[in-house]
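kindly return the folded structure for what I paste below:
(one chain, ligands or ions: 1)
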Amino acid sequence: AKSGYDHYMKKEIHEQPRAIRQCLRGRVDELEGHIALEEVAALEPEGTVQFVACGTSYHAARYGARLLRQRGVQTQSFLASEYTADAVPVSDETLVVGVTQSGETADTMRALREANGAGATTLALTNTVGSSAARECDHVCYIRAGPEIGVAATKTFASQQVALALVAGALTGDASPAFLKALRELPDQVQTILDSSRAREIADAYVDADAYFFIGRGDAAPVALEGALKMKEITYKHAEGFAAGELKHGPLALVSGETPVFAILTEGSKLEKTLGNVKEVEAREAPVVAVTDAPEKVGRYADHVLEVPSSHPQLTPVLANVQLQLVSYWVANRLGRSIDKPRNLAKSVTVE
Ligand code: M6R
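Reported below is the predicted structural model:
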């Protein structure tokens, strides 16, 4: 069932080009210049769009919320376990989007039920046909990633990001030709990364570190959080992700020559500013790995570069994440961890 791969996680990382292609199929009309997403066609959100989700899906939600906000929509993102419809103002103009791969996560289900009870319109963004979330919500949009066996979410995260990019374009009618073209090119670009990544070398170089940091700004900030989550869950090592500007407000105290810092420096994520933060960690002698589509600009500030193809600035975070998945995978592999079923974790969390 692993089709020759050592782990489901690796297989699923490598299935991402296909997963993204499936997510896009029939939904992007480049000739007409629009996104045809029937699932949300009836929705014209007048009020705020609220996102509720947990873990990796929450990181996708944060990313999707940014794409909508950049198209003029008011958004809020909540960890589902922190969402209570009575403390968060909800009206019949509110659209609540539950982002949940399994469609069964108890925290997310509770948030969606409360939102429904409070009169909001609800949309489930899920991978699982007929799941609790699909049944609970007024509308459902499938991410079409195919089954994911590894506990660590990989291809479903990529598909959530792409589906959310489609939702943002479809809800607002704001999808430029460059954005649509970049969506079409994503699967091949992910394949290029899979074929040429140097993540394994980086993992070998830093497998002994006790802690890893991930920083990114703007649209890349949620991917920094996701990079750290993946690293901690499958390697059992301390890892933290931050919006790059937050480093100096506390976490910088933890940075030393022993803590590799992965900096997402992609065009469109204010890379000049993030470079300022890179210089701060370098002054503390931390090794820096730049994940970038602009190696000529940032290469000299980094000890290593993990390159991603250039894309639309709102979509490069999808590509950057693939490099970080591979680094975590190879660190965990070197450490002989139980990659597909990390200790203490379950694929679907059905308790609150
Ligand atoms: O099925 P869901 O997307 O609702 O799951 C939410 C989280 O439990 C999940 O994303 C978790 O963080 C990942 N499996 C971690 O890789």
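
so who does the residue lying closest to S197 once chain neighbours are set aside touch?
Counting by C-beta to C-beta, 6 or more residues apart in numbering, S197 lies nearest to L326, which is 5.2 Å off, once chain neighbours are set aside. C-beta here means a position set from N, CA and C on the backbone, and glycine is covered the same way. Residues touching L326, when contacts are defined by C-beta atoms under 8 Å, 6 or more residues apart in numbering, comprise 13, 193-194, 197, 199-200, 203.

let's see 7 Å
Under the criterion of C-beta atoms under 7 Å, 6 or more residues apart in numbering, the neighbours of L326 are 13, 197, 199.

so it is in which element?
Here L326, judged by DSSP states H and E, is contained in helix 316-334.

pull out the buried positions in the helix or strand of the chain with the lowest mean pLDDT.
The helix or strand with the lowest mean pLDDT-type score in the chain, counting by mean pLDDT, DSSP states H and E, is helix 38-41 (a mean of 89). For helix 38-41, the buried set under the neighbour-count rule, 16 or more other C-beta atoms under 10 Å, comprises 39-40.

just checking, what packs against that helix?
Packing partners of helix 38-41 (3 or more C-beta pairs under 7 Å, 6 or more residues apart in numbering; DSSP states H and E): strand 139-142, helix 155-172.

now do the phi/psi pair for I202.
Here the main-chain torsion angles of I202 (degrees, to the nearest 10) amount to phi -60, psi -40.

and the residue nearest to S197, how close does it get to the ligand?
L326 sits at a distance of 15 Å from the ligand (criterion: C-beta to the nearest ligand atom, to the nearest Å).

kindly report the same for Q50.
Where the ligand is concerned, Q50 sits at a distance of 16 Å (C-beta to the nearest ligand atom).

are we agreed that that residue is in a strand?
Yes - counting by DSSP: H, G, I helix; E, B strand; the rest coil, one finds Q50 located in a strand.

residues near it, how many?
Burial of Q50, expressed as a neighbour count using other C-beta atoms under 10 Å, amounts to 26.

who is it paired with across the strands?
Taking DSSP bridges, one finds Q76, V96 as the beta-bridge partners of Q50.

now the one residue sitting closest to the centre of the chain. Nearest residue, chain neighbours left out?
When C-alpha atoms, centre = their mean is applied to the chain, the residue found nearest the centroid is A60 (4.1 Å). Setting aside the residues directly before and after it, A60 is nearest to Q160 in space (C-beta to C-beta, 6+ apart), at 3.7 Å.

so who does T274 touch?
Taking C-beta under 7 Å, 6+ apart, we find T274 in contact with 215-217, 244, 263, 265.

now A1
Contact analysis of A1 by C-beta under 7 Å, 6+ apart lists nothing.

who's in contact with the closest residue to T192 other than its chain neighbours?
Once its chain neighbours are removed from consideration, T192 has its nearest residue in P309; the separation is 5.7 Å (C-beta to C-beta, 6+ apart). Shown here is P309, whose contacts under the criterion C-beta under 7 Å, 6+ apart are 189, 192, 293, 319.

now do 8 Å
Contacts of P309 were listed using C-beta under 8 Å, 6+ apart, and they are 185, 189, 192-193, 293, 319.

report how many residues lie close to the residue of the chain found nearest the ligand.
Nearest residue of the chain to the ligand (C-beta to the nearest ligand atom) works out as G55 at 1.9 Å. The number of residues packed around G55, counting by other C-beta under 10 Å, is 22.

contacting residues for it?
Counted by C-beta under 8 Å, 6+ apart, G55 has contacts 153, 229.

G241 versus the residue in the chain sticking out farthest from the centre, what's the distance?
What lies farthest from the middle of the chain is A283; by C-alpha atoms, centre = their mean that is 29.5 Å. Here A283 is placed at a distance of 21 Å from G241 (C-beta to C-beta, to the nearest Å).
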